[in-house]
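# Just the structure for this:
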Amino acid sequence: MITYPLKSIGIEEAKKLQFKMVDTMTKYFSGEEVLKLGDLGVVKGLNKPSYTKKVEQVLADFFNTEAAVLVRGAGTGALRWGLISFLKPGDKILVHDAPIYPTTEVTLDTMGIDTIKADFNNKEEVKKALCNHSVNGALLQYTRQKLEDSYDMGEIIRLIKDHSEDITIITDDNYAVMKVDKIGAELGADLSGFSSFKLLGPEGIGILVGNSELINKVIQLNYSGGSQVQGFEAMEVLRGLVYAPVALAIQAEVNEELVKRLRSGEVQGVKNAFLANAQSKVLLVEFEEDIANIVLEEAEKLGAAPNPVGAESKYEIVPMIYRVSGTFRKADPTLEKRMVRINPMRSGADTVIRILKESVSKAFERL
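This next block holds a predicted model:
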């Protein structure tokens, strides 16, 4: 099985992102303000908490975009409002010829948007789709939707924009932000949406960055007091973003170490191991026997998390060892019996190896 995981930034690049975030914060907040939780309510003249406004300015500056807005509904909400900002019922949007992320599909269906599919791994097919259809926008998911996905986000954005600057591009950057060198909006997309919860931030808060005209439309549509992200939530978003890049870079480093150690035969009963973005970048471990389900049971008893919370949220500390994704199971149903996916989260490689060794050993005892 061949996969094409996204290239993760290293520790040094991650440290630079942390330093950049802190430096950017100092340009908009006084030292005393940083030590406060933030204000509440609809402030006159802003129609939102003043701290929320400042955090949005930090985000726009940090991601090198014209504007940013915090919305409710996590990554789903960010993408939903982004799509609403430039699409209307009956419009057509270009998407990758792959399963659309379920919550995004709900948005497109309820909006009455027609999807035009093209294989983003094949540039000629994308060009053909653009020539044969008049599309109003394009939705690009940064992480992989299919096993064989290998397309380059920047190249597809440029291809679409070269065809027509009038096509509005929104990118789903969940599981990619703070892991890759540049997000979609920094590569030429009009909007990028993602969840703060996946970046050690608060539950339910989404981030949308990009074109100021589109962002302002989202702000206008969320004018009510109940729609506002409060100051303390906005400050939680920033605190998460400060620590996320280095934590995620360490996680990527541990994943690389695990692949080498497992392929070297350190854990008896493991046939193969490789990395894949499914959706988050995870370690896929294939066993010589159909013991995956037993390994999952035993690993949980030994301290491994059996399921995600927010997929890399602040609550996910111990390694997660859980079943392979629906996409992988659909591609090959037999994988469910002989393969598991592992995300080390904040743990080191030794912890994962220990839990895996004991789980596999007990699995063989139970056969």
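# Which secondary structure element of this structure has the lowest mean pLDDT?
helix 326-331 (a mean of 68; mean pLDDT, DSSP states H and E).
# Would you tell me what the next helix or strand after it is?
Using DSSP states H and E, the helix or strand that follows helix 326-331 in sequence is helix 335-338.
# Averaged pLDDT, the following helix or strand past that following helix. What do you get?
Moving toward the C-terminus from helix 335-338, the next helix or strand (DSSP H and E) is strand 339-343. What strand 339-343 shows for mean pLDDT is 95.
# Next up, the contacts around S164.
S164 sits next to L130 when contact means C-beta atoms under 8 Å, 6 or more residues apart in numbering. Any C-beta I mention is one placed from the backbone N, CA and C, and that applies to glycine too.
# ugh, typo on my part, it should be V71
V71 touches 77-78, 81, 205-208, 218, 222, 227, 229, counting by C-beta under 8 Å, 6+ apart.
# mind listing what's buried in the strand or helix carrying it?
Element membership for V71, per DSSP H and E: strand 67-72. Residues 67-72 are the ones in strand 67-72 that count as buried (16 or more other C-beta atoms under 10 Å).
# Export whichever helix or strand E33 is part of to CSV, keeping only CA atoms.
Take DSSP H and E as the rule and E33 turns out to sit in helix 31-34. The C-alpha coordinates for helix 31-34 follow below in CSV (Å, rounded to 0.1, in the frame of the first residue of the first chain):
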residue,chain,number,x,y,z
GLY,A,31,1.0,43.0,28.6
GLU,A,32,-1.8,43.6,31.1
GLU,A,33,-4.4,42.6,28.5
VAL,A,34,-2.7,39.3,27.8
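# any low-confidence regions in the stretch 251-367 of the chain?
Along the stretch 251-367 of the chain, the parts satisfying pLDDT under 70 run over 278-279, 327-328, 330-331.
# Break down it into its helices, ranges please.
Along the stretch 251-367 of the chain, counting by DSSP state H, counting those that start in this stretch, helices occupy 292-301, 326-331, 335-338, 349-366.
# Find out how far the helix holding E33 is from the centre of the chain, if you would.
30 Å (C-alpha atoms, centre = their mean, to the nearest Å).
# which residues sit against that helix?
25, 51, 54.
# Show me what whatever helix or strand T24 lives in is packed up against.
Element membership of T24 [criterion: DSSP H and E] is helix 11-28. Packing partners of helix 11-28 (3 or more C-beta pairs under 8 Å, 6 or more residues apart in numbering; DSSP states H and E): helix 50-62, helix 231-263.
# Now render the ones you listed as TSV, adding distance to G184.
Below are the helices and strands packed on helix 11-28 laid out as TSV (distance: least, C-beta to C-beta, whole Å):
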stretch	distance to G184
helix 50-62	14
helix 231-263	17
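# Please tabulate the ones you listed in TSV and include distance to L214 and mean neighbour count as additional columns.
Below are the helices and strands packed on helix 11-28 laid out as TSV (distance: least, C-beta to C-beta, whole Å; neighbours: other C-beta atoms under 10 Å):
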stretch	distance to L214	mean neighbour count
helix 50-62	13	21
helix 231-263	20	20
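# Of those, give the one that comes closest to I294.
Proximity to I294, assessed across the helices and strands packed on helix 11-28 by C-beta to C-beta, is greatest for helix 231-263 (18.1 Å).
# Please parse this structure into its domains.
11-243, 265-362 (automatic domain parsing).
# Lowest average pLDDT across these?
domain 265-362 (a mean of 92).
# now do the same end-to-end measure for it.
From its first residue to its last, domain 265-362 covers 18 Å (C-alpha to C-alpha, to the nearest Å).
# can you check stretch 60-68 too?
5 Å.
# Give me the contact list for that stretch.
Counting by C-beta under 8 Å, 6+ apart, 20-21, 24, 27-28, 56-57, 59, 183, 185-186, 192, 207-212, 215-216, 241 sit against stretch 60-68.
# what's stretch 356-367 in contact with?
262, 267-270, 285, 287, 289, 291, 294-295, 298-299, 302, 304, 321, 342.
# can you pull out the strands in the stretch 101-250 of the chain?
Taking DSSP state E, counting those that start in this stretch to define them, one finds strands in the stretch 101-250 of the chain at 114-118, 137-141, 168-172, 191-195, 205-210.
# now the longest one and strand 191-195, what's the angle there?
If I follow you right, that is strand 205-210. 160 degrees (axes from the mean of the first three to the mean of the last three C-alpha atoms, to 10 degrees).
# cool, the second one as well?
Interaxial angle of strand 137-141 relative to strand 191-195 (the same axes, to 10 degrees): 40 degrees.
# With only the CA atoms kept, save strand 137-141 in PDB.
What follows is strand 137-141, C-alpha atoms only, in PDB (Å, rounded to 0.1, in the frame of the first residue of the first chain):
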ATOM      1  CA  GLY A 137     -16.300  28.300  -6.600                       C
ATOM      2  CA  ALA A 138     -14.000  25.500  -5.600                       C
ATOM      3  CA  LEU A 139     -13.600  23.500  -2.300                       C
ATOM      4  CA  LEU A 140     -10.200  22.000  -1.600                       C
ATOM      5  CA  GLN A 141      -9.400  19.800   1.300                       C
END
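# Sheet-wise, list the partners of that strand with their directions.
According to DSSP bridges, strand 137-141 forms sheet pairs with strand 92-96 (parallel), strand 168-172 (parallel).
# how far does that strand sit from the chain's center?
15 Å.
# before we move on, what about the third one?
The gap between the average C-alpha position of strand 168-172 and the chain average comes to 14 Å, counting by C-alpha atoms, centre = their mean.
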